[in-house]
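Asker: Give the three-dimensional model of this entry:
(2 chains)
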2 protein chains.
Amino acid sequence: MTITVRALGTLPDLVADDDLIGLLLAAWPGGPCDGDVLLVSSKAVAKVEGRVRRHVSREDAVAGETERLLASRGGLQIVRTRHGLVLAGAGVDVSNTETGSVVLLPVDPDASARGLRTALATRTGRNVAIVVTDTAGRAWRMGQTDIAIGVAGLEPLHDLTGQLDGWHRPLAVTAPTVVDELAGAADLVLDKAARTPAAVVSGLSPLVLPSGVHGPGAVAVVRPDGEDLFGLGAADAVRAAVRRTPADRRGFAHPGSPELAELVEMAAARQQWVRAEVLNTDSDPLVVIRADPDAVPGANPGVDADALVAAGAVMERVRVLCWAAGLRSSTVAAPAGAICAEALSLAPYTDRRYVDSTEGDRGQVQQGS
Amino acid sequence: MTITVRALGTLPDLVADDDLIGLLLAAWPGGPCDGDVLLVSSKAVAKVEGRVRRHVSREDAVAGETERLLASRGGLQIVRTRHGLVLAGAGVDVSNTETGSVVLLPVDPDASARGLRTALATRTGRNVAIVVTDTAGRAWRMGQTDIAIGVAGLEPLHDLTGQLDGWHRPLAVTAPTVVDELAGAADLVLDKAARTPAAVVSGLSPLVLPSGVHGPGAVAVVRPDGEDLFGLGAADAVRAAVRRTPADRRGFAHPGSPELAELVEMAAARQQWVRAEVLNTDSDPLVVIRADPDAVPGANPGVDADALVAAGAVMERVRVLCWAAGLRSSTVAAPAGAICAEALSLAPYTDRRYVDSTEGDRGQVQQGS
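Answerer: Model prediction:
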């Protein structure tokens, strides 16, 4: 199998309501063929869609595009955008635009891709898939790669699950995100310092959907918020567990089956003077924390200050651990002999999707075939 | 600019000590040209390097390849491998290998790439760059893309910093990870269900280093542990902050300038009966936590049980927040009038690199030009 990846020619500076398809066709030597994939940078699309903002600070622009802050450090903000994309600075960009202006991402890049696909088909009669690309960094790798944020005419994932490998064994969870790989391939031929925002990939016509069929769009590549394990930066997660507001919960995936006894054991580990245990009551489990009379030298455990302070620390540890594990907790009156008690409901927080299947998890950061 | 991406032909089942370059050349119609980039799946490389293990459980194989666990849920383990790669299951794979065996990643994929590059040059006299590829999921996106885990003959990042954009303004932090984009492009032409583990990209000869010059390898694309903000899953980060072992620190990036007063305010927020304040002593700052005599109705704050428990909870909150922010803390005797005190040293933990520049941070998850 062979594919070719070609940069289209230089485009003029784009402004709102420019005829982007007309300009792309003029920069396309030989013009499109059926089964081509046209990749266009989000910035070019954003400009013709009037997403340039002047007299707006970058900070305000980022805030306007942000759905949720995942992590911050110094001036860096890694956010989930309204599109569900995780990007530094919410995809707000100040390069390749005139001084004093910022470019926002298209409002609906999948709609943009569908519009371009339809316009190109109307103009040329050709069945061409469209990918709107953007540039994104990666948490654990240096540099950036281009990704697909808008797609029309391609299935974004090429799901191979159920196919057999070369040894006639079923392939494990394997679904190449072909639209992201296409976006990266296009970036190889584009020159960010020139005004060449588009490339065409030829040779993948089997992947291009029939004329007029757009597919689910790049939105299908967005992992739903709460289904990943990295919904908050590490330090941000700790702050969230201390704050414990309802909004903070969105950064935590729901665990499969939290082990309450294990969490309580972790909370009480190496805490002298304190015992913590889980009682199974008629309704919810009850975590009871009490000073250990054997360990407090000659003390009345009910009033020994160090024991009470330590018990408070253990209670807080139980609270943050259970909260992070998706368990609601509320404080109840301590039973006789206990300093304090924490009542825990095992009901999960219900304001999020719950992914039970560990098989489904495997795609998250996955070693493929 | 135009590039072509071609799959090489089918290879036989590979075993240890096979002549991989010889087999690849036999499957290469027309043979290599100067400036080509040859991409080979890590599995093919691993097999000829004898990295197939029989009679080893997948769990044991994963443990052997793991440097650090980032996150787990159910049977899913996302780990940092000995190579610095963040992968589910440490890159241990059971597909495309015979039943009962697992394939580990090459021991040193950059060395593998250099060896293949040298062997190919010796055999053919051609200057061909080599990329060893693997498949990886992404935390926030569905599906997988191929990435580069071994490189010889290419700069893995194409650093554009300092270049001017089309508007003659300096490009912001922009360094496309060309080797990852190449790996993805190759994946587009390969068939995971067939035995075609290699592809060649032609047309990028300006990026290929001179004959015999290998460049820094794919290891240069690995963000050093501790320089990212997502070194632990959200729930895992909370557990780490409760445990607070030295090893747990590796999951936390060092913050630029933690605001102690802000952390203490967060710790004491909505805690009745408790006041927390930061005293600047001659040496280290001291966080003093005391029951608020105005708020405890008619109580002796030194012995009021609820106040003491609440103070312990606030102390624990200070501890986890400061620990996550990279501050050492130790408990000291409470000054007069205080129930308890936490002494905090502002010295950062020194067992990790410290990234101060927020500019340097911007590449982490970044919107490019």
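Asker: what about A:Pro12, neighbour count?
Answerer: 10 (other Cβ atoms under 10 Å in any protein chain shown). For every residue, glycine as well, the C-beta is placed using N, CA and C.
Asker: give me the element it is part of.
Answerer: Applying DSSP states H and E as the criterion places A:Pro12 outside every helix and strand.
Asker: Give me the phi and psi for it.
Answerer: When read as degrees, to the nearest 10, the backbone of A:Pro12 gives phi -70, psi 170.
Asker: For the closest residue to A:Glu265 other than its chain neighbours, name its beta-bridge partners.
Answerer: Distance criterion Cβ to Cβ, 6 or more residues apart in numbering or on different chains; nearest residue to A:Glu265, sequence neighbours excluded, is A:Ala276 at 7.8 Å. Residues in a beta bridge with A:Ala276, per DSSP bridges, are A:Ile289.
Asker: In contact with A:Ala276, which residues are there?
Answerer: A:264-265, A:267-268, A:287-290, A:314, A:318 (Cβ atoms under 8 Å, 6 or more residues apart in numbering or on different chains).
Asker: pLDDT score for it?
Answerer: With respect to pLDDT, A:Ala276 scores 89.
Asker: Angles on the backbone of the residue positioned nearest the centre of chain A, please.
Answerer: Geometric centre of chain A, nearest residue: A:Val86, 4.9 Å, by Cα atoms, centre = their mean. With angles defined as degrees, to the nearest 10, A:Val86 shows backbone torsions of phi -100, psi 110.
Asker: Where do the helices of chain A begin and end?
Answerer: For chain A, helices defined by DSSP state H occupy the ranges A:20-26, A:42-48, A:58-65, A:109-124, A:178-189, A:234-243, A:260-268, A:305-324, A:358-361.
Asker: Can you tell me who the residue of the stretch 51-200 of chain A found nearest chain B pairs with across the strands?
Answerer: Ranked by Cβ to the nearest Cβ, the top residue of the stretch 51-200 of chain A for proximity to chain B is A:Thr135, at 2.8 Å. Counting by DSSP bridges, A:Thr135 is bridged to A:Asp146.
Asker: What is the neighbour count of it?
Answerer: Counted with other Cβ under 10 Å, A:Thr135 comes out at 25.
Asker: Give the closest residue to the closest residue to chain B within the stretch 201-350 of chain A in space, chain neighbours not counted.
Answerer: Distance from chain B to each residue of the stretch 201-350 of chain A (Cβ to the nearest Cβ) is smallest for A:Gly312, at 2.4 Å. Closest residue to A:Gly312 apart from its sequence neighbours, by Cβ to Cβ, 6+ apart: B:Gly312 at 2.4 Å.
Asker: what's near enough to touch the one you found?
Answerer: Taking Cβ under 8 Å, 6+ apart as the contact definition, B:Gly312 lies against A:308-316, B:340.
Asker: and if you look at A:Arg319?
Answerer: A:Arg319 touches A:244, A:329, A:342, B:313, counting by Cβ under 8 Å, 6+ apart.
Asker: Tell me how many other residues surround the nearest residue to the first one once chain neighbours are set aside.
Answerer: This means A:Arg244. Spatial nearest neighbour of A:Arg244, excluding adjacent residues (Cβ to Cβ, 6+ apart): A:Trp323 at 5.3 Å. Neighbours of A:Trp323 under the rule other Cβ under 10 Å: 22.
Asker: try the one 4 residues further on
Answerer: Other residues within reach of A:Leu327 by the criterion other Cβ under 10 Å amount to 22.
Asker: same thing with A:Ala311?
Answerer: A:Ala311 is flanked by 31 other residues according to other Cβ under 10 Å.
Asker: Test my guess that it contacts A:Glu342.
Answerer: No: the criterion here is Cβ atoms under 8 Å, and A:Ala311 misses it with A:Glu342 at 10.5 Å.
Asker: which residues are in contact with both of those two?
Answerer: In terms of Cβ under 8 Å, 6+ apart, A:Ala311 and A:Glu342 are both contacted by the residues A:Ile289.
Asker: For the spatially closest residue to A:Val86 that is not a sequence neighbour, give its distance to A:Val222.
Answerer: Leaving aside its chain neighbours, A:Val86 sits nearest to B:Trp140 (4.3 Å; criterion: Cβ to Cβ, 6+ apart). Distance, B:Trp140 to A:Val222, by Cβ to Cβ, to the nearest Å: 8 Å.
Asker: what sits in contact with each of the two?
Answerer: Joint contacts of B:Trp140 and A:Val222 (Cβ under 8 Å, 6+ apart) are A:Leu85.
Asker: So if I had to pick from the two, which one is more boxed in?
Answerer: Ranked by neighbour count (other Cβ under 10 Å), B:Trp140 and A:Val222 place B:Trp140 first, with 25 against 19.
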